[in-house]
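K.L.:
sharing a model prediction with you, sequence too.
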There are 2 protein chains.
Amino acid sequence: MPRPREFDETTAVEKAMHAFWEHGYEGTSTQDLCEATGLGRSSVYNTFTSKRALFGRSLAHYTGTQLDKRQAILDGPGTAAERLAAVLGSTIEDDLEEHRRGCLVVNTLAELGVPDDEVGAALRADTDRNLTMFTQCVREGVLDGSLRDGLDPADVAEYLLSTTSGLRVMARRGSSRKSMHAVADLALSAITR
Amino acid sequence: MPRPREFDETTAVEKAMHAFWEHGYEGTSTQDLCEATGLGRSSVYNTFTSKRALFGRSLAHYTGTQLDKRQAILDGPGTAAERLAAVLGSTIEDDLEEHRRGCLVVNTLAELGVPDDEVGAALRADTDRNLTMFTQCVREGVLDGSLRDGLDPADVAEYLLSTTSGLRVMARRGSSRKSMHAVADLALSAITR
DNA sequence: CTGATTTTGAACTGAACGATACATAACCAG
DNA sequence: CTGGTTATGTATCGTTCAGTTCAAAATCAG
């Protein structure tokens, strides 16, 4: 009975995400979002309520795809050490391909911190899922012998997350691929046998 | 002959810096800057030309004091490894004392990247000075035996800078002091003998 | 005291901000 | 075809944005 949508909601979120990723939250106007998504103002507000809510959706979409990709690598073949190396390598390549926009999560943390709303919730959820994934992989690495004995999986998970954040900032700085790989190699050398 | 200033320029820059640090570049309005500095709009524009120029001044002031502090630690007593540990420890404590605002440099990199103006120049200068300082200290560490043989000082410098950036993002995430120290310890373990 | 010079405060500029109002258009069950 | 419902486009809301204008105030060399 109602008039149907003329656009795909997920596609719109994805386009909005790229706009936010490129210019940051404050740096993206509602006008920018209309142009990026191809929607009129009415459609944007009718569908997503507010700029902030659309940002929350965009952020959740970003973390979802990013975490799925990371999880797929960690669920793949190889020793734990090899899989962790693959995650860092993939992070570096993504950073370089994305035209130095860095990581939307890290950029948002830097710009907004962890606000007390849906945006902060998405950030917290991303942190938790990353730490859980890394912790599990480190446990496996201690068992399969590719990682050192006596490592605290939770600490190493924090260390790996911090390392990826550092790489993301490097990308934003304009560092070379070579430097980024050197950093990843050094970081891994602290935990591999 | 001219009417004298009623305020101290450096003090004003410092207050503006804290405003930018707290809310980011886009998130700080010229009105916020007037209130933070206690100056009228005319004085702000008469003295600093534009919001962006004042941001450049604020950023340069921040990097200057931050680098001086870091340099003082690296010029202090102890082995190179001990001094590097002190730098990371000091970074962590600063992060926690600063009410989780993170690092103005990292926040700015995340928000703006490296723009092609005075702001970008300040960011590049900060990166260069950090890398130079760390590189020198690593060289000393290889000589005094506190760091491993065969390390590439330039690579390790990038690694250390990336580690501090990662710690800064952790602070923004709300991580615990304990986690941050665990990360710093792990990071150092990769390069200490 | 005067006059050249600069700072200061208040009012103001046009543009852009996020968000809304509302008439019109499009759909489909009945 | 009609009526109920939602989507859309346009025009607009009041506010805030970065930055300017300008007269009044303050200084001190002469």
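P.N.:
All right, it came through fine. Numbering: from 1, shown residues only, chains lettered A, B, ... in the order given.
K.L.:
which stretches of chain A form helices?
P.N.:
A:9-23, A:30-37, A:41-48, A:51-74, A:80-97, A:104-112, A:118-144, A:153-173, A:177-189 (DSSP state H).
K.L.:
closest one to DNA strand D among those helices?
P.N.:
Judged by CB to the nearest atom of the strand, the one of the helices of chain A that comes nearest to DNA strand D is helix A:41-48, at 3.2 Å. Using the backbone N, CA and C atoms, a C-beta is placed for each residue, glycine as well.
K.L.:
so which bits of that closest one are buried?
P.N.:
By neighbour count on 16 or more other CB atoms under 10 Å in any protein chain shown, the buried set for helix A:41-48 is A:43-45, A:47-48.
K.L.:
stretch A:142-154 now?
P.N.:
Buried, per 16+ other CB under 10 Å, within stretch A:142-154: A:142, A:146-147, A:151, A:153-154.
K.L.:
what parts of chain A come near DNA strand D?
P.N.:
By CB under 7 Å from any atom of the strand, the part of chain A that sits against DNA strand D consists of A:1-7, A:39-43, A:46-47.
K.L.:
please redo it, this time with the cut-off set to 6 Å
P.N.:
Contact residues, chain A versus DNA strand D (CB under 6 Å from any atom of the strand): A:1-3, A:5-7, A:40-43, A:46.
K.L.:
sorry, back to before: could you dump the buried residues of stretch A:142-154 into CSV and include distance to DNA strand C?
P.N.:
Formatted as CSV, the buried residues of stretch A:142-154 follow (distance: CB to the nearest atom of the strand, whole Å):
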residue, distance to DNA strand C
A:142, 48
A:146, 48
A:147, 46
A:151, 45
A:153, 42
A:154, 38
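K.L.:
could I get these in a markdown table, plus columns for pLDDT?
P.N.:
Converted to a markdown table, the buried residues of stretch A:142-154 look like this (pLDDT from 0 to 100):
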| residue | pLDDT |
| --- | --- |
| A:142 | 97 |
| A:146 | 98 |
| A:147 | 98 |
| A:151 | 97 |
| A:153 | 98 |
| A:154 | 98 |
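K.L.:
got the contact list for the closest residue to residue A:190 other than its chain neighbours?
P.N.:
Spatially, and ignoring its direct neighbours in sequence, residue A:190 is nearest to residue B:190 (3.5 Å; CB to CB, 6 or more residues apart in numbering or on different chains). Residue B:190 makes contacts with A:186-187, A:189-190, B:159, as judged by CB atoms under 8 Å, 6 or more residues apart in numbering or on different chains.
K.L.:
hmm, back to that, turn the helices of chain A into JSON lines, including distance to chain B.
P.N.:
JSON lines is the format used below for the helices of chain A (distance: least, CB to the nearest CB, whole Å):
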{"stretch": "helix A:9-23", "distance to chain B": "9"}
{"stretch": "helix A:30-37", "distance to chain B": "13"}
{"stretch": "helix A:41-48", "distance to chain B": "20"}
{"stretch": "helix A:51-74", "distance to chain B": "13"}
{"stretch": "helix A:80-97", "distance to chain B": "11"}
{"stretch": "helix A:104-112", "distance to chain B": "3"}
{"stretch": "helix A:118-144", "distance to chain B": "6"}
{"stretch": "helix A:153-173", "distance to chain B": "3"}
{"stretch": "helix A:177-189", "distance to chain B": "4"}
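K.L.:
flag every buried residue along stretch A:17-28.
P.N.:
Across stretch A:17-28, burial judged by 16+ other CB under 10 Å covers A:17-25, A:27-28.
K.L.:
closest one to residue B:126 among the helices of chain A?
P.N.:
helix A:153-173 (9.6 Å; CB to CB).
K.L.:
and the angle for the closest one with helix B:153-173?
P.N.:
110 degrees (axes from the mean of the first three to the mean of the last three CA atoms, to 10 degrees).
K.L.:
for residue A:132, list the residues it contacts.
P.N.:
Going by CB under 8 Å, 6+ apart, residue A:132 touches residue A:157.
K.L.:
ditto for residue A:126
P.N.:
With contact taken as CB under 8 Å, 6+ apart, residue A:126 is in contact with A:63, A:66-67, A:105.
K.L.:
quick one: which of those is most hemmed in?
P.N.:
Among these, residue A:105 has the most neighbours (other CB atoms under 10 Å in any protein chain shown), with 24 neighbours.
K.L.:
quick check: closest non-adjacent residue to it.
P.N.:
Spatial nearest neighbour of residue A:105, excluding adjacent residues (CB to CB, 6+ apart): residue A:126 at 5.5 Å.
K.L.:
pLDDT score assigned to the one you found?
P.N.:
pLDDT, residue A:126: 98.
K.L.:
what does residue A:191 give?
P.N.:
We have a pLDDT of 98 for residue A:191.
K.L.:
against DNA strand D, how distant is it?
P.N.:
Plainly put, residue A:191 is 45 Å away from DNA strand D if you go by CB to the nearest atom of the strand, to the nearest Å.
K.L.:
my guess is that residue contacts residue A:151. True?
P.N.:
Yes: using CB atoms under 8 Å, residue A:191 is in contact with residue A:151, at 6.0 Å.
K.L.:
okay, and the common contacts of those two?
P.N.:
residue A:138.
K.L.:
for the residue nearest to residue A:19 when sequence neighbours are not counted, what are its contacts?
P.N.:
When the adjacent residues along the chain are set aside, residue A:19 lies closest to residue A:36, with 3.9 Å between them (CB to CB, 6+ apart). With contact set as CB under 8 Å, 6+ apart, residue A:36 has these partners: A:15-16, A:18-19.
K.L.:
please identify which of those residues is nearest to residue B:169.
P.N.:
Using CB to CB, those come closest to residue B:169 at residue A:18, 21.9 Å.
K.L.:
ok, now which ones touch the closest one?
P.N.:
Here residue A:18 is in contact with residue A:36 (CB under 8 Å, 6+ apart).
K.L.:
hmm, back to that, can you redo the contacts of residue B:190 as JSON lines with distance to residue B:132?
P.N.:
Shown next, in JSON lines, are the contacts of residue B:190 (distance: CB to CB, whole Å):
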{"residue": "A:186", "distance to residue B:132": "19"}
{"residue": "A:187", "distance to residue B:132": "22"}
{"residue": "A:189", "distance to residue B:132": "24"}
{"residue": "A:190", "distance to residue B:132": "24"}
{"residue": "B:159", "distance to residue B:132": "15"}
